[in-house]
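J.: 3D, please:
(chains A and B)
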Protein chains: 2
Amino acid sequence: MTVQGYDSRLDRMFFPKSVAVVGASDVPAKWGNLVLTSILGWRYNGRVFPVNPKKDTILGLKSYPSLKDIPEPVDLAVFTIPAPLIPGGIRECAAKGIHAAVIISSGFREAGGEGIGLEQEILAAAREGGVLFIGPNTMGIASAHHSFECLPAPTAPGPGGLAVISQSGNLGLQLIKWIAHKQVGLAMYAGTGNETMLKTCDLMQYLGSRDEVKVISMYIEGIEDGRKFGEVARTVTRKKPVIALKAGRSQSGSRAAQSHTGSMAGSFATYSAMFRQSGIIQVMTPTDLINVSAAAAHLPIPRSNRVGIMTMGGGWGIIAADECEDSGLELPPLPEYVIGELDSCLPQYWNRRNPVDVVGENDAALYLKVIGALARWNEVDSVIALGIVGRSRYVEDFIAAQVQLDSKLYSKELKLAVLKDQVQNEERIISGVAALQKETGKPIVVVGLNEGGLRLADTSNGRVVYLSTPEEAVSILAHLSWYGRYLEESS
Amino acid sequence: MTVQGYDSRLDRMFFPKSVAVVGASDVPAKWGNLVLTSILGWRYNGRVFPVNPKKDTILGLKSYPSLKDIPEPVDLAVFTIPAPLIPGGIRECAAKGIHAAVIISSGFREAGGEGIGLEQEILAAAREGGVLFIGPNTMGIASAHHSFECLPAPTAPGPGGLAVISQSGNLGLQLIKWIAHKQVGLAMYAGTGNETMLKTCDLMQYLGSRDEVKVISMYIEGIEDGRKFGEVARTVTRKKPVIALKAGRSQSGSRAAQSHTGSMAGSFATYSAMFRQSGIIQVMTPTDLINVSAAAAHLPIPRSNRVGIMTMGGGWGIIAADECEDSGLELPPLPEYVIGELDSCLPQYWNRRNPVDVVGENDAALYLKVIGALARWNEVDSVIALGIVGRSRYVEDFIAAQVQLDSKLYSKELKLAVLKDQVQNEERIISGVAALQKETGKPIVVVGLNEGGLRLADTSNGRVVYLSTPEEAVSILAHLSWYGRYLEESS
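T.: Numbering: from 1, shown residues only, chains lettered A, B, ... in the order given. The predicted structure is shown next:
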């Protein structure tokens, strides 16, 4: 199906007031246990009804023999029972007045044999009974603003603006884990499984209509109706950034995709063209999917591909410049007025080029002057600041190295003062960067040369994105500036 | 100069029995202080002599007015005094019988003006006095097996097989920090600075001759004598892997390189051709420089570009297959005998393809059977195992989510048992992978889908390399298999 207009059953699916888990179990590691503990473990505020005819209570909750025995209204049924029992389950939903279902169970089209017929049967039963379902063969869904996590492994991502649609459960789960660890903030997650009824396209449309969703990330193996998809995307991308990773671009990858979700992968070039024409930002790796999406959720979108770079060391500036040109970003030469401004604060022998090399000085006020001069320069629309944040980690190393000695090289007080100074320096930079970002409306991306990839810092002037390597920063700005130009050209 | 034959002065430089620091200081953050504390902080066993006419003691050590006042022999002089004082310092070295020097001071050719003449003057003085120096304008050197770290920021990397030559101090220092954090193991580090006397080529030759150096990593902005460099490289790469990052491949990067170390960047294509012909593995980012080098130091070199993949989830397998084809790696189809072997241990509906999808099973013995079948398969020369290690982190998350509840969902004992089980599972996998690697002589790279990039696990059968993402694993195997084929074809 494709959602026609607004389908309120999607609200019941993602924001249920009450949930029945059909196949609930108290045996650890069983799906009916994992999903139930995930829902309970994340402070879900609604009512939860385990359904299992063999038990009176499960995880401390009363268990019901079947859906129809539940004495209260149910918004959503989650199924973890074997595939052959699902058609009956869907008919029970209809009888009980449950209009939304998540079918986690596998054993349908993807398994072949009688699974193919079963899948047709549940689709027919759902249509007849007015039940909207997602799956089967999905790892589940989540809506973070509703504290509802119907997944096999809770990682409790904080609520935020990023929504994820994934045609792979395993990969989708990993994306949520990254979102949680990086504190990016999740809005909603939908694992689409076999897409028997609800398709990626429907979910993109739904997420496009939800105000709490600021950015949509999609992992795609295959799409049936490319024309419809492109039409929906063109509307959604006018309102918010949509980022897609299309897997199966290689021969072996495409064959693996066919055997994975049974999807026809189609020509990769066709997908790329459709994404480009409909304003979808295309990425090539899961890491970039999260990085670009997180940045899109928290940074202004640059209006052009022109970048100003400040670097703490010449080598890193060269590396960043190389990466920029590889990715289609331009580094305009510094105009006289910017050079004049920087002459007043940098050592006499500074390089007078973009990237601006601040030659090892360690002074938050100086950095902010240089970053400010670059951000206010009207020929660039984004700024990369290399090597200035995350140094406190290395000050800690330095202190650790000193502590290995019994020596009096530095007193404990001095060591702590140095570390505190560095940490305060970094805080000043982060907060100054946030203020400049707000003032200029241009993204300023900070590269700390620490490990661990993308991180976000919270300030009173909004979030600052910082990264481990120049290539991550460049990839983010290249993708966002592509979208910025798409918006300008198509407006 | 270029080292003719074996120059024992290089041994004095990197393995000094005694060191004088000319310009030593007890003022924190001054170069003469940073370098001295770095040497002292890393348990250097030799004698250390601060030289500073204004002080009697520095950091608890007796300070000498000049080099000639030191009453003992000195192997190495390290200079942090201003550039105009260096020519005199070099002549003092000659007078005192010191034959090796590290000139950290800047203000020479890279600063222009009278710095150009000063640089010629120190070269002449050094040649006349038989002093071999590295720099000027370098951040220093280190030799980890000698516990000697003459750098501005100690991070105390453990001793190991990786040697680094860097034409950028800032970038080189960052590489050492990564090596320390990732516990890759450092052999030696040389920051070449302006390369007035010692050149990257000389150091490559020297490191090629040292037994404790297993792999050489180089960050290069420019090389003067490409023919000589290629000749030396051809000899060294027969003995050990050499990995190079040539910066300045873009127009802006190339201009930035010229103003950074004053080097003529030359045509990037010319460098690439020279690397290719002399067996140097070329990488494009600092991250890959460390990743490929660390893997080369600890893994067997694959003989071909054919890879077998095991994945915990279909999506990740497709992503990895895409990355393989992009990078020139091949995924041969599974032959009947491997399919038969896997039929006996995988669920009936397994995909019977490369990548092999183990469909979510969580069982160390099963993983090792699959990895073993792939590693022993004679049509592939390396294996990627996706998503099987690093899950204990997520078990911790799971437990943390449970702990948020006051509920009795799981007892504390059960939670700890689950975590312990997962950790033991991972340990079994790592140790089994190491054994298979040893048995088959093929690299088996593990992708944990955790954050933080490359890590190494120690086992009684050698190191196992594990990574955060499929693209990191693919990049490593693509580069190593290129080298493996170079060795075969040029032997």
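J.: can you mark which positions in the longest helix anywhere in chain A are buried?
T.: Longest helix in chain A by number of residues (criterion: DSSP state H): helix A:412-440. Buried positions in helix A:412-440, judged by neighbour count with 16 or more other C-beta atoms under 10 Å in any protein chain shown: A:415, A:418, A:422, A:425-426, A:429-437, A:440. Every residue, glycine included, has its C-beta placed from N, CA and C.
J.: ok, now stretch A:157-172?
T.: Within stretch A:157-172, the residues scored as buried using 16+ other C-beta under 10 Å are A:157, A:160-172.
J.: and the stretch 201-350 of chain A, which residues reach chain B?
T.: Taking C-beta under 8 Å from any C-beta of the partner chain as the measure of proximity, the stretch 201-350 of chain A contacts chain B at A:219, A:221, A:247-253, A:255-257, A:259-261, A:284-287, A:312-319, A:321-326, A:331, A:349.
J.: buried subset of these?
T.: By 16+ other C-beta under 10 Å, those give A:219, A:221, A:247-250, A:252-253, A:255-257, A:259-261, A:284-287, A:312-319, A:321-326, A:331 as buried.
J.: residue closest to the middle of chain A?
T.: A:I290 (4.4 Å; C-alpha atoms, centre = their mean).
J.: ok, it touching A:Q183?
T.: No. With contact defined as C-beta atoms under 8 Å, A:I290 and A:Q183 do not form a contacting pair (11.9 Å).
J.: does the strand or helix carrying A:L456 come close to chain B?
T.: Applying DSSP states H and E as the criterion places A:L456 in strand A:455-459. No. On the criterion C-beta under 8 Å from any C-beta, strand A:455-459 is out of touch with chain B, staying 9.8 Å away.
J.: by how many degrees do that strand and helix A:412-440 diverge?
T.: Counting by axes from the mean of the first three to the mean of the last three C-alpha atoms, to 10 degrees, strand A:455-459 lies at 80 degrees to helix A:412-440.
J.: now strand A:455-459, how far from the chain's geometric center?
T.: 15 Å (C-alpha atoms, centre = their mean, to the nearest Å).
J.: partner strands of whichever helix or strand comes after it, parallel or antiparallel?
T.: Next helix or strand after strand A:455-459 toward the C-terminus (DSSP H and E): strand A:462-467. Counting by DSSP bridges, the strands paired with strand A:462-467 are strand A:444-447 (parallel), strand A:455-459 (antiparallel).
J.: avg pLDDT for the longest helix of chain A?
T.: For helix A:412-440, the mean per-residue pLDDT is 86.
J.: wait, does it contact chain B?
T.: Yes. Judged by C-beta under 8 Å from any C-beta, helix A:412-440 comes into contact with chain B at A:414, A:418.
J.: for the stretch 201-350 of chain A, just list every one of the strands.
T.: A:215-220, A:242-246, A:281-283, A:307-311 (DSSP state E, counting those that start in this stretch).
J.: switch the ones you listed over to a markdown table; also include mean pLDDT.
T.: Output for those, formatted as a markdown table (pLDDT from 0 to 100):
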| stretch | mean pLDDT |
| --- | --- |
| strand A:215-220 | 98 |
| strand A:242-246 | 97 |
| strand A:281-283 | 98 |
| strand A:307-311 | 96 |
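J.: tell me which of those approaches B:G372 most closely.
T.: For B:G372, the closest of the strands of the stretch 201-350 of chain A is strand A:215-220, at 30.5 Å, according to C-beta to C-beta.
J.: other SSEs contacting that closest one?
T.: Here strand A:215-220 touches strand A:159-166, helix A:169-181, helix A:200-209, strand A:242-246, helix A:286-298, going by 3 or more C-beta pairs under 8 Å, 6 or more residues apart in numbering or on different chains; DSSP states H and E.
J.: that one to strand A:159-166, inter-axis angle?
T.: Using the same axes, to 10 degrees: strand A:215-220 against strand A:159-166 is 20 degrees.
J.: thank you, goodbye.
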